[in-house]
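Participant: I need the structure of the sequence given here:
(one chain, ligands or ions: 1)
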Amino acid sequence: MKLYSGPLSLFTAKVRIALDEKGLDYERIEVGWSLANRYEPHHSEVAALNPKEQVPVLVDGDVVVYDSTLILEYLEERFPEPALYPSGLAQRARRRQLEAAADEIVFPAVWELIDGGFYPARPGDTEAAQRSAAAKRRLAELQQELDKQLTGREYLCERFSVADIGTFVMLSTASTLDAPPAAACTRSTPGWRAWRRGRRCDASWRRWAPPRPPRGRACRNAHPTAPPANQAAARPCRFSRAWGSTPRC
Ligand SMILES: N[C@@H](CCC(=O)N[C@@H](CS)C(=O)NCC(=O)O)C(=O)O
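Facilitator: Residues are numbered from 1 along each chain as shown. Have a look, this model is predicted:
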């Protein structure tokens, strides 16, 4: 199997964690990325395989699947053990709902922090700081809501599942970007903290998070592996240090 992967792509992270959880071997192809040009120009093979020109894309023989949620479904059907989906109609519906919420409710708030702080501001954009502050407030609320759901339970569904993976990837990334603000990370969210620090979520974070560069040394290249020769070279990235850091709470 081949996975086209973005070095800082949270959607790719969901798939990479699931592949590792299932113990599957695969070839990871990192597409080109740079701070200035983001994913442009798009990787030619990704553009040919996915009309949306986005990663992740999974290729398994003749089968091509794009979109992280659909890739996870494919992997579960093709390699059912160990299961990453709960059993039973109600739990499966809950899993779908939570995974969709991670992608469509949590991620947009995280994106405000990435677009307004990680990437250079777009010319004329004077509202990035306000959007970022609003996103931090929203993420603090979402963390509180999640904490209620986790009270008295180890995982979001009946077992560790893609609902945990999706939620954890989005919220832990937010946490490395100081959202919610460190001051808000109090003992008031014990369910969230126990879940986040639990063995499965912690192991997933360690597998995915980019390595932290040695103290005091600039990160010269955000790519875990060199980009293909025909892709834009990675630029120095001051934020990959933050990205590789431990979530604050
Ligand atoms: N819904 C898609 C979203 C994929 C996505 O947004 N990928 C980003 C990287 S995180 C990408 O490839 N962006 C490049 C572009 O849109 O040009 C999924 O779940 O896979």
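
Participant: hey, let's count contacts and neighbours off CA atoms from now on
Facilitator: Fine.

Participant: how close does residue 126 get to residue 137?
Facilitator: Going from residue 126 to residue 137 by CA to CA, to the nearest Å gives 19 Å.

Participant: What is the subsequent helix or strand relative to whatever helix or strand residue 4 lives in?
Facilitator: Taking DSSP states H and E as the definition, one finds residue 4 inside strand 2-5. Next helix or strand after strand 2-5 toward the C-terminus (DSSP H and E): helix 10-21.

Participant: packing partners for that following helix?
Facilitator: Counting contacts by 3 or more CA pairs under 8 Å, 6 or more residues apart in numbering; DSSP states H and E, helix 10-21 packs against helix 68-78, helix 162-176, helix 199-208.

Participant: residues of it that come out buried?
Facilitator: Of the residues in helix 10-21, 10-19, 21 count as buried by neighbour count, 16 or more other CA atoms under 10 Å.

Participant: before we move on, back to that, of residue 126 and residue 137, who's got more company?
Facilitator: Each of residue 126 and residue 137 has its neighbours counted (other CA atoms under 10 Å); residue 137 has more, 17 against 11.

Participant: Quick check: the more buried one is in a helix.
Facilitator: Yes: according to DSSP: H, G, I helix; E, B strand; the rest coil, residue 137 belongs to a helix.

Participant: residue contacts, the residue nearest to it when sequence neighbours are not counted?
Facilitator: Nearest residue to residue 137 in three dimensions, chain neighbours excluded: residue 180, at 6.7 Å (CA to CA, 6 or more residues apart in numbering). Taking CA atoms under 8 Å, 6 or more residues apart in numbering, we find residue 180 in contact with 136-137, 139-140, 174.

Participant: Let's see that with 6 Å instead.
Facilitator: Applying CA atoms under 6 Å, 6 or more residues apart in numbering, we find residue 180 in contact with 136, 139-140.

Participant: how far away is residue 6 from residue 15?
Facilitator: Counting by CA to CA, the gap from residue 6 to residue 15 is 11 Å.

Participant: Then residue 2?
Facilitator: Distance from residue 2 to residue 15, by CA to CA: 12 Å.

Participant: Around residue 56, how many other residues sit close by?
Facilitator: 27.

Participant: number of nearby residues for the residue nearest to residue 189 when sequence neighbours are not counted?
Facilitator: Closest residue to residue 189 in three dimensions, ignoring its sequence neighbours and counting by CA to CA, 6+ apart: residue 147, at 5.5 Å. Neighbour count of residue 147, defined by other CA under 10 Å: 19.
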